[in-house]
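S.K.: How does the following fold in three dimensions:
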Amino acid sequence: MAHHESDRDTSFAAVPGASVGIIGGGQLARMTHRAAIDLGITVHVLCPDEHEPAPAAGARWHQGTADDQQAFRTLAAAVDAITLDHELVSRDGLERLVNDGYTVRPSPTALAFAQDKLFARSALGDMGFPVPSFTEVTEAAQVGAFAAVHGWPVVLKARSGGYDGRGVELVSSVGDARTVLSRGGNWLAETFVPIATEVAVVIARRPGGQTVTYPVVETVQVDGICVELVMPARIDDAVAASAIELGTSIAHAIEVTGILAVEMFITPDGELVINEVATRPHNSGHATIEGSVTSQFSNHLRAVLDWPLGSTAMISSVAVTVNLLGGDQHVEPTERLDEALEDPDVHVHLYGKGWRPGRKLGHVTVTGDDADTVLAAARRAAAVLIQP
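M.R.: Here you go, the predicted model:
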């Protein structure tokens, strides 16, 4: 029987809806795309390779780099708003989009707090927020002079471009500092902060100022890379309340739109010190996918589109995430997925990324009533997936 054009079922044709462009196609864009599907949002991603995690999972791919102005313009013309998967984006390029009337969230001004550590330290310190003592350094003698006042060891941080432990060095002498600075680049020196606990506060903020804040997340770092998360953090209630107030105040002060993650140190005396800020969905919010009424990815989309924000209430007492990091030996997590899933409480997220040592290949989340119990379950599943 012949079929005519009028016989076609058009009920599944493209449905009008919102669209969001993401510069960067990594795992954060991939998880944002996943959240977008349920909201009928079409996600377009700009990245060099169509096999990166987000386009490989079905997001619409635009080829280009994070400093390709023409690609920015093509992406912006296709969507309602532009947002980011990472900070390593041309701020000048984003400024041009804003000047031409396109919607970019977070704004280039807010993005500067995540891109430029010296700017962030200076601006947040001037606003009265607790930051470590710091100074810009270009030569080892300046590090020595800083240490003469503040003591050794000194933390050297790359002004821009550092992530997952890269661009952070602990030095104990002028000679050590000289070795680090000889690599080139722009650096700042900071006081070494004694740390009892590392935490993060994840906030979603709309353009008009509405915010919602997730429970404080306890983070465990190894060599500068986050390996485990516990939500809510196992800290004093008063300290947790102060951390949430601090994070929310920063979100308003820098007028961020979307997700803001504020990483903080808690000293042995219970004082809070700002470490870094990220103006995008963040590793410290991954437990919100299973652990919260509304995930950070869904709230990021809502905020970017200026939609009402969802509840950040937890749907279990505790949610724990363990990151899957590539080890020294090549192991593919997919090969042991069935074994890891034998625990019915385990939620596995694989990013579709090729293995290399230290690379984040995915994460495991377990929810429940007791932090130690769920942490042990998440560690067991992670070990199954990545240990040789």
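
S.K.: Next, the contact list for the closest residue to Asp85 other than its chain neighbours, please.
M.R.: Leaving aside its chain neighbours, Asp85 sits nearest to Gly24 (2.7 Å; criterion: CB to CB, 6 or more residues apart in numbering). All C-beta spots, glycine's among them, are computed from the backbone N, C-alpha and C. Gly24 makes contact with Val45, Leu46, Cys47, Ala54, Ala66, Leu84, Asp85, His86, Val89, according to CB atoms under 8 Å, 6 or more residues apart in numbering.

S.K.: Give the helix, strand or coil label for Val155.
M.R.: For Val155, the reduced secondary structure class is strand; criterion used: DSSP: H, G, I helix; E, B strand; the rest coil.

S.K.: Need the nearest residue in space to the residue nearest to the spatial centre of the chain, chain neighbours excluded.
M.R.: The geometric centre of the chain, computed from its C-alpha atoms, lies nearest to His282 (CA atoms, centre = their mean), at 2.1 Å. In space, not counting the residues next to it along the chain, His282 is nearest to Ala261; the distance is 3.5 Å by CB to CB, 6+ apart.

S.K.: so the one you found bridges to which residues?
M.R.: With DSSP bridges applied, Ala261 shows beta-bridge pairing to Val202, Ala278.

S.K.: what sits against it?
M.R.: Remark: with contacts taken as CB under 8 Å, 6+ apart, Ala261 is in contact with Ala200, Val201, Val202, Ile203, Val277, Ala278, Arg280, Pro281, His282, Ser284, Gly285.

S.K.: The fifth one: what's it in contact with?
M.R.: Shown here is Val277, whose contacts under the criterion CB under 8 Å, 6+ apart are Phe113, Ala114, Ala120, Leu124, Ile250, Ile254, Leu260, Ala261, Val262, Glu263.

S.K.: Please repeat the previous calculation with a cut-off of 10 Å.
M.R.: Residues touching Val277, when contacts are defined by CB atoms under 10 Å, 6 or more residues apart in numbering, comprise 87, 110, 113-114, 117, 120, 124, 129, 200-201, 247, 250-251, 254, 256, 260-264.

S.K.: Ok, Pro281 next?
M.R.: Pro281 makes contacts with 27-29, 31-32, 35, 83-85, 202, 204, 258-261, 288, 295-301, as judged by CB under 10 Å, 6+ apart.

S.K.: and it, what element?
M.R.: Counting by DSSP states H and E, no helix or strand carries Pro281.

S.K.: and the gap between the residue nearest to His282 and Ala377?
M.R.: Ala261 sits 25 Å away from Ala377 when distances are taken as CB to CB, to the nearest Å.

S.K.: now do Val262
M.R.: When distance is defined by CB to CB, Val262 is 28 Å away from Ala377.

S.K.: Counting neighbours around each, name which of these two comes out higher.
M.R.: Applying other CB atoms under 10 Å to Val262 and Ala377 shows that Val262 carries more neighbours, namely 28 against 19.

S.K.: these two touch, right, Ser160 and Arg166?
M.R.: No - Ser160 is beyond contact range of Arg166, at 11.3 Å (criterion: CB atoms under 10 Å).

S.K.: Surely Ala240 is in a strand?
M.R.: No - the assignment for Ala240 by three-state DSSP gives helix, which leaves it out of any strand.

S.K.: Which pLDDT value does the model give it?
M.R.: If you check Ala240, the pLDDT there is 98.

S.K.: Can you get me a residue count around it?
M.R.: Should you count by other CB under 10 Å, Ala240 turns out to have 19 residues around it.

S.K.: wait, doesn't it sit right on Val199?
M.R.: Yes - in this structure Ala240 lies within contact range of Val199 using CB under 10 Å: 8.1 Å.

S.K.: which neighbours do the two share?
M.R.: Contact criterion CB under 10 Å, 6+ apart; residues shared by Ala240 and Val199: Val216, Glu218, Pro232, Ala233, Arg234, Ile266.

S.K.: Out of the residues you listed, flag the one nearest to Met314.
M.R.: Pro232 (7.3 Å; CB to CB).

S.K.: okay but the closest one is in contact with Thr213, surely?
M.R.: No - with contact defined as CB under 10 Å, Pro232 does not reach Thr213; the gap is 11.6 Å.
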